[in-house]
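# Here you go, sequence then predicted model.
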Amino acid sequence: MQTTSLRKGENTALLAAPVVLSVAVQGPAVDVSALLLGPDGKDRGDNDLVFYNHPAQDGVMISGSAVTADPVRVPAGVDRVVVVVSVDPLQPGAVFARAPQLTISQNGASPLSFTAPDFASGETVVVLAELYRRGEGWKVRAVGQGYASGLAGLATDYGVDVDPEPAAVPPAPLPAQTRNGPGRPVADLTKVQRQAPGLLAPARQAGQALVGRGISGRRAAVYLILDHDWHMEELYESFAVQAFAERVLALSANLDDDGTVPVVFSSGNEPFLEEIRLDNYRGRIGQLHTQVDWGWGNVADAMRRAVGHYQESGAADPAFIVTQVGDEPWDKAEVRSLLQNAASFGMFWLFVGFGRGKLAFYKNLNASASATFTNVAFNERIMFG
């Protein structure tokens with residue numbers, strides 16, 4: 001069948017059958033999401049965001065870079081389904097230059113395509129299209145609205161409750177250190193260029209992000225804790241965890257020039273500690289995680305292992321521990337106690353949420369003025385809360 005091209009703002013009727021909206025992007029890695037909105041144009045609650053951590057809701061499903069919606073299964077309280085494309089926050093400074101391309105297909109109908117005008121204002125979030133009710137049927141509209149203000153702009157238009165946009169660097173200055181103060185120039189990446197040229201671009205991006213936050217020249221021993229809960233299996237097999245570890249290693253090249261990041265795998269058994277280095281990073285996470293049994297991740301045990309390793313190392317610089325979490329911790333009081341105690345050791349924790357569980361505990365660690373952790377931050381890989 002011949003493909004019909006839609007222009008920005010154009011709409012067309014859909015059949016009463018599942019419709020697949022497939023996104024293709026030239027440029028930065030992206031996340032594709034869908035918002036279910038009521039007649040007031042606002043989401044009905046947290047479950048109305050369909051994304052990496054919550055891939056299906058009320059007849060709408062996310063699979064990779066495609067959104068599938070079944071109009072027959074969408075409840076009456078949902079008036080619109082909005083397709084959102086956002087730059088992967090693990091790419092500091094990345095923006096859309098070329099607009100994402102959209103292909104819309106239904107069995108029994110001619111395929112549709114839409115390419116928005118290219119962007120030139122630093123857009124990081126794009127509303128690409130929307131499905132909406134019209135009488136007893138559904139239509140699709142080509143939108144192509146970009147937001148240079150990121151999630152804040154999206155939240156203003158759609159009433160979405162979002163977390164601050166994450167970055168692959170500490171959102172606050174690292175604790176004071178004993179040497180190499182903030183006046184130190186940007187890290188020398190010669191070692192990265194020689195041993196791991198594939199990480200040179202993300203290492204430079206991380207360095208630029210540090211400069212932008214006024215913390216270039218800071219020093220820290222970088223650690224990585226990975227959830228090895230059974231529900232993470234797909235993310236390990238798809239190399240998503242490997243890609244995440246590579247970003248952390250690229251960041252460490254700017255904070256700790258030894259080219260090594262200790263990695264702790266959190267599972268139901270004894271935490272497994274190894275390392276990923278500039279000279280062995282390719283496929284390293286896949287090699288290591290097969291040595292660890294699947295279980296229910298015990299983040300408190302993994303945190304204790306990282307604290308013990310840091311104390312035994314005798315490091316003079318503070319520690320920056322990137323902790324990937326996929327679900328709530330078993331013992332919340334124990335995690336809070338560990339965080340409080342670790343502050344006196346000069347340890348800064350960045351919890352990065354991706355997986356399939358609820359993460360309210362980590363999001364709310366600093367929600368109360370009486371329980372503020374100055375050494376803790378939370379970011380979510382998918383950018384939405």
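Arrived safely, thanks for sending. Residues are numbered from 1 along each chain as shown.
# hey, where'd the strands end up in the stretch 51-200 of the chain?
Under the criterion DSSP state E, counting those that start in this stretch, the stretch 51-200 of the chain contains strands at 56-57, 60-63, 66-69, 80-87, 101-105, 112-115, 125-134, 137-147.
# Centre of the chain to the fourth one, how far?
To tie it back to what came earlier, the one meant is strand 80-87. 15 Å (CA atoms, centre = their mean, to the nearest Å).
# With the third one instead?
With CA atoms, centre = their mean as the basis, strand 66-69 stands 20 Å off its chain's centre.
# Any buried residues in that strand, and which?
Neighbour counts over strand 66-69 (16 or more other CB atoms under 10 Å) mark 67, 68, 69 as buried. Placement of C-beta: from N, CA and C, glycine included.
# Am I right that the second one is in contact with residue 19?
Yes. Taking CB atoms under 8 Å as the definition, residue 68 is a contact partner of residue 19 at 7.2 Å.
# circling back: deepest of the strands of the stretch 51-200 of the chain, which one?
Greatest average neighbour count among the strands of the stretch 51-200 of the chain goes to strand 80-87 (a mean of 25), per mean count of other CB atoms under 10 Å.
# Now do that one against strand 125-134, angle only.
Counting by axes from the mean of the first three to the mean of the last three CA atoms, to 10 degrees, strand 80-87 lies at 170 degrees to strand 125-134.
# Which stretches in this structure count as helices?
Per DSSP state H, the chain carries helices over the ranges 151-158, 190-195, 200-212, 233-237, 240-255, 284-289, 299-313, 332-343, 360-363.
# winner for burial among those?
Burial of those is given as mean neighbour count (mean count of other CB under 10 Å); helix 240-255 ranks first at a mean of 24.
# can I get the CA coordinates of that helix in CSV?
Output of helix 240-255 as CSV, limited to C-alpha atoms (Å, rounded to 0.1, in the frame of the first residue of the first chain):
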residue,chain,number,x,y,z
ALA,A,240,20.7,-1.8,28.7
VAL,A,241,22.7,-2.5,31.9
GLN,A,242,25.9,-2.7,29.9
ALA,A,243,25.2,0.6,28.3
PHE,A,244,24.5,2.2,31.7
ALA,A,245,27.7,0.8,33.2
GLU,A,246,29.6,2.3,30.2
ARG,A,247,28.2,5.7,31.0
VAL,A,248,29.3,5.4,34.6
LEU,A,249,32.7,4.4,33.5
ALA,A,250,32.9,7.4,31.2
LEU,A,251,31.9,9.7,34.0
SER,A,252,34.6,8.1,36.3
ALA,A,253,37.2,9.1,33.8
ASN,A,254,36.5,12.7,34.7
LEU,A,255,36.4,12.1,38.5
